[in-house]
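K.L.:
Let's see this in three dimensions:
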Amino acid sequence: MSEMSSIFDAGAFADEAEGSHTLPAQWYWDPAIYERERQAIFARSWLYAGPAAEVAEPGSYATAIVAGRDIAIVRGRDRVLRAFHNVCSHRAHRLLDGKGRRSVIVCPYHNWSYDIDGAFKTARGIEGARGFDRRAAALKEVRVEILAGLLFVNLDSGARPLAEIGGAMAREMAERCPGLDRLTLARSHRVETRANWKALVDNDLESYHVAPAHPALAELLDYSTFRVWEHEFTTSHIMAGAVGDNRAYAVGADDPVQNAIYTWLWPNTAFFISPGRNNLAVFQMVPKGPELTEQVWDFYFEDAELNEAERAMVDYTCDILIPEDAGLCENVQRGLRSPGYRQGRFVVNRANPELSEHHVHMFQKLVRDAVLGAP
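P.N.:
Here you go, the predicted model:
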């Protein structure tokens, strides 16, 4: 076996979780694996890009970095939502920054201009360019869809619709959080973690570690009620809020959300609806290198001004829960470099899903299939 082919060997990883080892440690730090994932996974998947409310009106736009690419998302005068590579077709300067409203998109470098539907409009002195093709100079479009009031972009023009992939998950979330798609982005939090993105997803998809690692979370939620299920590219975990005091934050008896539902959308976006007033936390694990991940957290509530319990919820998440998980993942990342570890075993206990890692296996199988099936 050549050195390159051995890198992509999944070892004792198997299709059935009960008989499977985890993905090899090398898959969490090897640059060749990372580069394959960028092309085979992130360039072909639906990735979170912010709140849809920012582009609700004609002429409104928002910008995002999706799979390492600058993207502009614009609502046209015809009210159609479009997304483009945020780059001028003249000399590749970025066109738009942040968010706002425009009637025309004008490049700040040489003043080439585009309609908000992406069509080329004008450029100074262009008359001297022999055979200039106005249609070829239009902005290059990418896929964009809205799910649960959130924007998602996919760089693959042939990708399956997001509604087909995540629609069932979004409906399950909406059942437990009335007005989910009308919530307001109230807080954002960004932090880098020195671990591979898959280590963070692995950690997110199981609750086996909650009792020893998250004491306040174990008080907030009643894990004896823990249930899990999955669709083709999503997972869901639900449990009731615990009765009585806890070290996380207060939940009122009359609050509309009494059950927590934690869901995940392939490949790297998690959603947390927690006990309290209507709320949603979006957690995206953005790879920045083979052993570096940016945690992107956006907190949505009924109002931009939070009440005391909501502020406590955000503070608990940012100051306690996120650092607890980051410490676990960074510790794992160091261990994945050890010659004393190659592949572990999944704990699979479907009758007691609080202690089961079969959703981690589901995720790793999707990774394996994407990496090994890439052209």
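K.L.:
separation between residue 197 and residue 89?
P.N.:
To residue 89, residue 197 is 32 Å away according to Cβ to Cβ, to the nearest Å. C-beta: built from backbone N, CA, C; applies to glycine.
K.L.:
so what's residue 25 up against?
P.N.:
Counting by Cβ atoms under 8 Å, 6 or more residues apart in numbering, residue 25 makes contact with 336, 337, 338, 341, 342, 343.
K.L.:
The residues you listed: which two are farthest apart?
P.N.:
Using Cβ to Cβ, the contacts of residue 25 span at most 14.1 Å, a distance reached by 337 and 343.
K.L.:
Compare these two (neighbour count), which wins?
P.N.:
Ranked by neighbour count (other Cβ atoms under 10 Å), residue 337 and residue 343 place residue 343 first, with 16 against 12.
K.L.:
hang on, isn't that one packed against residue 21?
P.N.:
Yes. The criterion here is Cβ atoms under 8 Å, and residue 343 meets it with residue 21 at 4.0 Å.
K.L.:
Give me the common contacts of the two.
P.N.:
Joint contacts of residue 343 and residue 21 (Cβ under 8 Å, 6+ apart) are 11, 12, 13.
K.L.:
Quick one: buried ones out of these?
P.N.:
Using 16 or more other Cβ atoms under 10 Å as the burial test, the shared contacts of residue 343 and residue 21 include residue 13 as buried.
K.L.:
tell me the helices in the protein, going along the chain?
P.N.:
Secondary structure of the chain (DSSP state H): helices at 3-7, 31-37, 162-176, 197-204, 210-213, 215-220, 308-316, 322-336, 358-373.
K.L.:
want to try JSON lines for those helices, with mean neighbour count and distance to residue 134 as columns?
P.N.:
Output for the helices of the chain, formatted as JSON lines (neighbours: other Cβ atoms under 10 Å; distance: least, Cβ to Cβ, whole Å):
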{"stretch": "helix 3-7", "mean neighbour count": "10", "distance to residue 134": "45"}
{"stretch": "helix 31-37", "mean neighbour count": "17", "distance to residue 134": "36"}
{"stretch": "helix 162-176", "mean neighbour count": "17", "distance to residue 134": "31"}
{"stretch": "helix 197-204", "mean neighbour count": "24", "distance to residue 134": "41"}
{"stretch": "helix 210-213", "mean neighbour count": "13", "distance to residue 134": "58"}
{"stretch": "helix 215-220", "mean neighbour count": "18", "distance to residue 134": "57"}
{"stretch": "helix 308-316", "mean neighbour count": "17", "distance to residue 134": "48"}
{"stretch": "helix 322-336", "mean neighbour count": "17", "distance to residue 134": "49"}
{"stretch": "helix 358-373", "mean neighbour count": "19", "distance to residue 134": "38"}
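K.L.:
Among these, which comes closest to residue 347?
P.N.:
helix 358-373 (8.9 Å).
K.L.:
helices or strands up against the closest one?
P.N.:
Using 3 or more Cβ pairs under 8 Å, 6 or more residues apart in numbering; DSSP states H and E, the elements in contact with helix 358-373 are helix 31-37, helix 197-204, strand 221-230, strand 234-241.
K.L.:
just how off-centre is the shortest one within its chain?
P.N.:
Centre-to-centre, helix 31-37 and its host chain are 19 Å apart (Cα atoms, centre = their mean, to the nearest Å).
K.L.:
And the average pLDDT for it is what?
P.N.:
In this model, helix 31-37 carries a mean pLDDT of 97.
K.L.:
Report the backbone C-alpha coordinates of it in PDB.
P.N.:
Listed next in PDB are the C-alpha coordinates belonging to helix 31-37 (Å, rounded to 0.1, in the frame of the first residue of the first chain):
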ATOM      1  CA  PRO A  31      -3.200  17.800   5.900                       C
ATOM      2  CA  ALA A  32      -4.100  15.500   3.000                       C
ATOM      3  CA  ILE A  33      -7.300  14.400   4.800                       C
ATOM      4  CA  TYR A  34      -8.100  18.000   5.700                       C
ATOM      5  CA  GLU A  35      -7.700  19.100   2.100                       C
ATOM      6  CA  ARG A  36      -9.900  16.200   0.800                       C
ATOM      7  CA  GLU A  37     -12.600  17.200   3.300                       C
END
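K.L.:
Identify the residues contacting it?
P.N.:
In contact with helix 31-37 (Cβ under 8 Å, 6+ apart) are residues 4, 7-8, 26-27, 196, 287, 289-290, 367, 370-371, 374.
K.L.:
Check the third one too.
P.N.:
Defining contact as Cβ under 8 Å, 6+ apart, one finds that strand 221-230 is touched by 207, 210-211, 235-243, 260, 275, 353-354, 356, 359, 362.
K.L.:
Now for the nearest residue to residue 193 once chain neighbours are set aside: which residues touch it?
P.N.:
Computed as Cβ to Cβ, 6 or more residues apart in numbering, the closest residue to residue 193 that is not its neighbour in sequence is residue 326, at 4.6 Å. By Cβ under 8 Å, 6+ apart, the residues touching residue 326 are 191, 193, 195, 295.
K.L.:
Is the second one bridged to anything, and to what?
P.N.:
Going back to what we said before, that points to residue 193. Beta bridges link residue 193 to residue 293, judged by DSSP bridges.
K.L.:
pLDDT score assigned to residue 2?
P.N.:
Value listed for residue 2 in the pLDDT field: 55.
K.L.:
I'd say residue 272 and residue 284 touch.
P.N.:
No. Using Cβ under 8 Å, residue 272 makes no contact with residue 284, being 12.0 Å away.
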